[in-house]
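Undergrad: pasted the sequence and its predicted model underneath.
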Amino acid sequence: MEFVSPEGLRLDGRRPMEMRQIRAEIGAVSSADGSAVFEMGNTKVIAAVYGPREVQNRGQQLNDQALVRCEYSMANFSVGDRARRPKGDRRSIEISLVIRQTMEACILTHLMPRSQIDIFVQVLQADGGTRSACINAATLALADAGIPMRDLVTSCSAGYLNSTPLLDLNYVEDSAGGPDVTVGILPKLDKVTLLQMDAKLPKETFEDVMELAIQGCKAVAQYIREVSTQNFIFLASVSQLSVIRNLSMLHISYLLAQTNEWSI
Amino acid sequence: MLHSKSFVRTTRGGAVKKGVQVVREHYLRDDIYCGSPSCTVCDTKNARLSSSAPKVLVVDTNVVLNQIDLLENPAIEDVVVLSVVLEEVKNKNLSVYNRLRALCSSSARKFFVFSNEFHKDTYVKAMVGESPNDRNDRALNIFTIGRSSAIRVATQWYQNHLGGSTQVLLITNDKENKRKASGEGLSAETVETYVKSLGRPELLDLVVLPTNGDVAMEEAEDLRPSKRQVIYAEHKPMSEITSGLHRGIYHQGKLRINRYNPFEAYVGSESIGDEIVIHGRVNMNRAFDGDVVAVELLPQDQWQDVKSLSIAEDEDEEEEDVHLVPNSADDAPRNTTSDGAGGSTGLVSCRPSGRVVGIIKRNWHSYCGSLEPKPLPAGGGGIAHALFVSKDRRIPKIRIQTRQLGNLLDKRIIVTVHSWDRMSRYPFGHYVRTIGAVGDRDTESEVVLIENDINSGPFSTQVLACLPPLPWTLSPEDLANPNRQDLRHVRVFSVDPPDIADVTNFVHPGTPLDEEAACRGTSVYLVERRIDMLPKPLTEDVCSLKSDVERLAFSVIWEMTPEAEIISTRYTKSVIKSCAAMSYVEAQARMDDSRLVDPLTQDLRNLNTLAKIMRLRRIERGALTLASAEVKFQLDTETHDPLDIGMYQIREANQMIEEFMLAANVSVAEKILKHFPLCSLLRRHPVPTKEMLEPLLRTAAAVGLDLDISSSKALADSLDRAVGDDPYFNKLIRILATRCMTQAVYFCSGDLTPPEFLHYGLAAPLYTHFTSPIRRFADVIVHRLLGAALGICKLPPIFQDRAQLTSIADNLNYRHRNAQMASRASVELHTLIYFKNQPTDTEARILKIRSNGFIVFVPKFGIEGPVFLMKKGETGSEWVVDEAHQRVTKASSKICFTILQTIRIHLEVVEIQPNRKKLQLTLM
């Protein structure tokens, strides 16, 4: 099948190196300590973060760092075929693990020993790239909850179809069966925290595809920073006190640095 | 790297089968350009239209679908193809789509694809809610309306965008669309009026006029009701065919028409597991050779016996009844027990017959041929109707309209078919182009090439630009390359082309040269010329291993014991300096000349000894020695007319070289498969099934021969034992055996399981082609694979993609087969030229028995053809076929012909139908 026309347009009208439209909203679940909705085109996920709080199951408590837990699920209405997805299927468990590990790599867990951070992500609408969208949403939710982090983790996927590297595959492209490289990075530190691919690719091509995905991550990072900065300014103007109570010192300084950077 | 553009995003929903809403994103862009190089607003980097075009044409889908031949004519330029049109064409007719795509990507033409669906100003909402999956009428209607309004919107945009200096003309044959366009202030014309305005009457022949045809027919029906009768049964609608196929009352398969009898066709049906025979044009119901059809079986009492299968003569095309040979089977004594096949013979001999009820996929393309002569109409310039007779006998005559009848009468022309209604005995078609004068040797050769889809055009400048600078000499870099071994000090010599030039050093993947070669697939050998796969400088100089020049090669080096046991195998790119480039004849002469004791001759003799051992061992394993009737022409050096024909002689030197080539191919196949188990290009020869060998067994049984076909070894042995009373008998049996086998084919190793890799004829579990990269593209691919296996070069990305490799293998098989067909057709053509002035009497052998004659084979000239026992129109059958003994006997006398019998025949070229010369074989 032709995924990129000779005119250089993909099925949905994007060019190979273009992402879908992204949109983020912070604070979608008021009962959670932090939450965010993240959209990449028609993929829409919601993330809620609770914590740091007391560890529920004492046996799991870690004395030198915080326990990070993650639960990924897909809403039954998120895909067209309305198949009932049993909770805790292999795929969900795998993605939960992936998200947990990625987030753990950026949370400063040693600052919060003997506590627990719960990250819930749910896919509201699935159109490819749910993994990346979940990570991006979780980052925003963690930031919203004021959890100290090394950097924002952002994620984006890229694939390789019709001998062309394609950024941010949608469902149709994803189900073509080609390679799908999901990358998560710490944009400021320029470090990769997640790299997944379940297909074969020649080394040279793989590097191109991965580079493209990293570019995508950086674009997402830029957007997420804008959104969180704006959110911070908004919150600060509404009630400075409540914000400061929720944010750890480190995070404040980080956000302030951001604000300075954006010269507001 | 990333573009951030202002998008207008809309979503497109469509109902699919399960009734679930599918929502897809659809981005509208502001960076889709108009394609005119003189545009001041748009990016002109990819502009394709001419800079000062007075007119830009926007074509409608129906125009593309029906008038693709016209669009391919260089007179039509500056065409804008909208993506909505492309999409619809793709859904309706893939081959037209591919031709249109070729036009759009050709640098010689000015066709521009405008992605109107993604342009913010030309996206039309009306299409929302309808997906191309909806095929019911209402949806289709809405879809069509949406499409035509999208076309008009895009036309309007173009007109506004390009301004007054350029006229944007919408070409459509859809009346409604044209009317609306005019209403909206757009200029719109039908194809016909546009072509007329060009003032080139010959182009009008290319225009397909389906509606006019219909009108004329209705009138004719009123005037002459007797003439306009329904000839063919109506095709069943697709829905009925599908359900019929499901319920098992219809059977699907590809229709193949008998080469010797265009009124007889076969449909290989998987649901029946046998071939369904279809007799007569009425039962074939307008199906062409190669069409995928749905067939309904006739009641069993209407099934015709195999024995009555006859060979048809050309001239009786009008009266089909002649061919319905009286069923001799009923009065013939049924002798079913003698040949050991037992009770099943009754069933086997009576094959199911059927009739076509619908055509699932048409295989219409263009055909070469000439017009049936007819007097020129008075006045000359007007429209004349003519019947086109294809060179390929399996194609019926085609009705065409032309305004240049006088010009075309004695020409070979190309015609395509566009419709065939049930009122007409013949299909309707239209003229595409002229090749040349009938009977001219060059024209006829061209016809052979066109019929086999062979590109004989010169290489484009882009391709030639990929060649290394000439004259080419060995560069120090090549020598310094650690992967290249210097073998110049070794005594290397070549016999024909045994050592393998390093073609991949010059043909790099992804270059135009590579693409062209991949497309051509193989060099084609005609009697008088050769069509190269690679440009001449490569084939005849840089990659030709001439004597005493340094050349790059890819070598397989064996170390062998005197018993021809391989001790070690090594593969390396190398530099060689051949000390002698010999032909087979020279090599043979050297070996045979006992006075010569120079090192070169000694080497040759040693190699020959080894080859003999290897050959013996191969035959031991069960390799078949098959035979084919290869002939060799001696051509006049000036005129290229054939002077003499003879069988191609095979020498020991040929066999010696063949042996080493086989060994190299096998070694390389093993090596590449080890490294790339999923993406190696190999060659296999499928084991023939029992049914395929059935004709051979029947023939053998008739002459009292017992063939064991249980394995290739058994078959090889029994073929060796099959010695008749004359020297040619064995070869004849081998030729028959060869014909029962399928062709060896290239395949991608990931597609099949290892047991299927077997090469039956060579009795080799693995085989590939490595030895002739100059003339076969498969070898080029294998060279690259081997290079990658040795770590010399990187594996090109196409090898990662199994689907792509499979499609390459398919193309190679297709090209290979066509090249063979073309060679054969060229031999046939030259045979005809040779016998034109010299009718000859010669010996022939009977190959197949039919009720009204037999197919004979002339060993001396390698000719095969029908010989008739009855004269044309003679119906009373005195001849009785005896299936079991494969013989035909005349009832009244004792004259009897048996299969493989030697007879004397008379060869003569006759022109039965004008413009269709043919070699006639008559019994003496």
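TA: Noted; the coordinates are in hand. None of the values given here were measured: they were computed from a predicted structure.

Undergrad: only C-alpha atoms for contact and neighbour calcs from this point on.
TA: Fine.

Undergrad: can you tell me how far the closest residue to residue B:722 other than its chain neighbours sits from residue B:865?
TA: Nearest non-adjacent residue to residue B:722, counting by C-alpha to C-alpha, 6 or more residues apart in numbering or on different chains: residue B:730, 5.9 Å away. As judged by C-alpha to C-alpha, to the nearest Å, residue B:730 and residue B:865 stand 21 Å apart.

Undergrad: where does pLDDT dip in the stretch 1-150 of chain A?
TA: A:80-87 (pLDDT under 70).

Undergrad: which bits of it sit near chain B?
TA: Contact residues, the stretch 1-150 of chain A versus chain B (C-alpha under 8 Å from any C-alpha of the partner chain): A:7, A:12-14, A:17-18, A:41-42, A:80-81.

Undergrad: contacting residues around residue B:174?
TA: residue B:62 (C-alpha atoms under 8 Å, 6 or more residues apart in numbering or on different chains).

Undergrad: got the confidence number for it?
TA: Confidence at residue B:174, expressed as pLDDT, is 80.

Undergrad: counting neighbours, what do you get for the residue in the stretch 251-400 of chain B positioned nearest to chain A?
TA: Residue of the stretch 251-400 of chain B nearest chain A, by C-alpha to the nearest C-alpha: residue B:361 (20.3 Å). Residues near residue B:361, counting by other C-alpha atoms under 10 Å in any protein chain shown, number 13.

Undergrad: distance-wise, check it relative to residue B:254.
TA: To residue B:254, residue B:361 is 9 Å away according to C-alpha to C-alpha.

Undergrad: shared neighbours of the two, anything?
TA: By C-alpha under 8 Å, 6+ apart, residue B:361 and residue B:254 have these common neighbours: B:291-293.

Undergrad: out of those, which is nearest to residue A:23?
TA: Nearest to residue A:23 out of those is residue B:292 (C-alpha to C-alpha; 50.9 Å).

Undergrad: quick one: the helices in the stretch 351-500 of chain B?
TA: Taking DSSP state H, counting those that start in this stretch as the criterion, the stretch 351-500 of chain B contains helices spanning B:405-408, B:441-451, B:461-465, B:476-480.

Undergrad: can I get the first one in CSV? Just the C-alpha atoms.
TA: Right, the one you point to is helix B:405-408. Provided in CSV are the C-alpha atoms of helix B:405-408 (Å, rounded to 0.1, in the frame of the first residue of the first chain):
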residue,chain,number,x,y,z
LEU,B,405,-7.7,4.1,-43.4
GLY,B,406,-5.6,4.6,-46.5
ASN,B,407,-2.5,5.1,-44.4
LEU,B,408,-3.1,2.1,-42.1
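
Undergrad: quick one: average pLDDT of that helix?
TA: 78.

Undergrad: quick check: chain neighbours aside, which residue is closest to the residue of the stretch 251-400 of chain B closest to chain A?
TA: residue B:292 (4.9 Å).

Undergrad: partners of that neighbour in the sheet?
TA: Beta-bridge partners recorded for residue B:292 (DSSP bridges): residue B:254, residue B:361.

Undergrad: contacting residues around it?
TA: So residue B:292 contacts B:252-255, B:359-363 (C-alpha under 8 Å, 6+ apart).

Undergrad: okay if I get those as a markdown table plus pLDDT?
TA: A markdown table is the format used below for those (pLDDT from 0 to 100):
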| residue | pLDDT |
| --- | --- |
| B:252 | 87 |
| B:253 | 86 |
| B:254 | 86 |
| B:255 | 87 |
| B:359 | 87 |
| B:360 | 86 |
| B:361 | 83 |
| B:362 | 83 |
| B:363 | 81 |
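
Undergrad: which one of these sits in the busiest neighbourhood?
TA: residue B:255 (28 neighbours).

Undergrad: right, and that residue touches residue B:293 too?
TA: Yes. Between residue B:255 and residue B:293 there is a contact at 6.6 Å, judged by C-alpha atoms under 8 Å.

Undergrad: give the residues shared as contacts by the two.
TA: With C-alpha under 8 Å, 6+ apart, residue B:255 and residue B:293 have common neighbours residue B:287.

Undergrad: the nearest residue to residue B:709 once chain neighbours are set aside: which element?
TA: Spatial nearest neighbour of residue B:709, chain neighbours left out: residue B:715 (4.9 Å); criterion: C-alpha to C-alpha, 6+ apart. Taking DSSP states H and E as the definition, one finds residue B:715 inside helix B:712-721.

Undergrad: buried residues of that helix, list them for me.
TA: Buried residues in helix B:712-721, counting neighbours by 16 or more other C-alpha atoms under 10 Å in any protein chain shown, are found at B:712-719.

Undergrad: pull the longest helix from chain A.
TA: Across chain A, the longest stretch assigned as helix under DSSP state H is helix A:203-238.

Undergrad: quick check: which helices or strands does that helix pack against?
TA: strand A:22-26, helix A:130-145, strand A:154-161, strand A:164-167, strand A:180-186, helix A:249-261 (3 or more C-alpha pairs under 8 Å, 6 or more residues apart in numbering or on different chains; DSSP states H and E).

Undergrad: mind running it again at 10 Å?
TA: strand A:22-26, helix A:130-145, strand A:154-161, strand A:164-167, strand A:180-186, strand A:191-196, helix A:240-246, helix A:249-261 (3 or more C-alpha pairs under 10 Å, 6 or more residues apart in numbering or on different chains; DSSP states H and E).

Undergrad: show me what counts as buried in stretch A:30-38.
TA: Buried-residue list, stretch A:30-38, by 16+ other C-alpha under 10 Å: A:32-38.

Undergrad: show me the shaky parts of the stretch 101-250 of chain B.
TA: Low-confidence segments of the stretch 101-250 of chain B (pLDDT under 70): B:125-145, B:209-229.

Undergrad: right, and chain A sits closest to which residue of it?
TA: residue B:118 (5.7 Å).

Undergrad: span of stretch A:55-65 from start to end?
TA: End to end - C-alpha to C-alpha - stretch A:55-65 spans 11 Å.

Undergrad: next: stretch A:109-122.
TA: With C-alpha to C-alpha as the measure, stretch A:109-122 spans 23 Å from end to end.

Undergrad: and residue B:444, what pLDDT?
TA: For residue B:444, the model assigns a pLDDT of 84.

Undergrad: among the buried residues of stretch A:30-38, which one sits closest to chain B?
TA: For the buried residues of stretch A:30-38, the nearest to chain B is residue A:38 (16.5 Å; C-alpha to the nearest C-alpha).

Undergrad: how about the closest one, what does it touch?
TA: Contact analysis of residue A:38 by C-alpha atoms under 10 Å, 6 or more residues apart in numbering or on different chains lists A:22-26, A:44-47, A:123, A:132-138, A:140-141, A:224.

Undergrad: restrict these to the buried ones and give me that as a ChimeraX selection.
TA: In ChimeraX syntax, the buried subset of these is picked out as below (16+ other C-alpha under 10 Å):
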select /A:22,24,25,26,44,45,46,47,123,132,133,134,135,136,137,138,140,141,224
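
Undergrad: outline the domain layout of chain B.
TA: For chain B, automatic domain parsing gives the domain ranges B:33-180, B:211-230+B:364-438, B:238-361, B:461-686+B:743-826, B:690-740, B:839-923.
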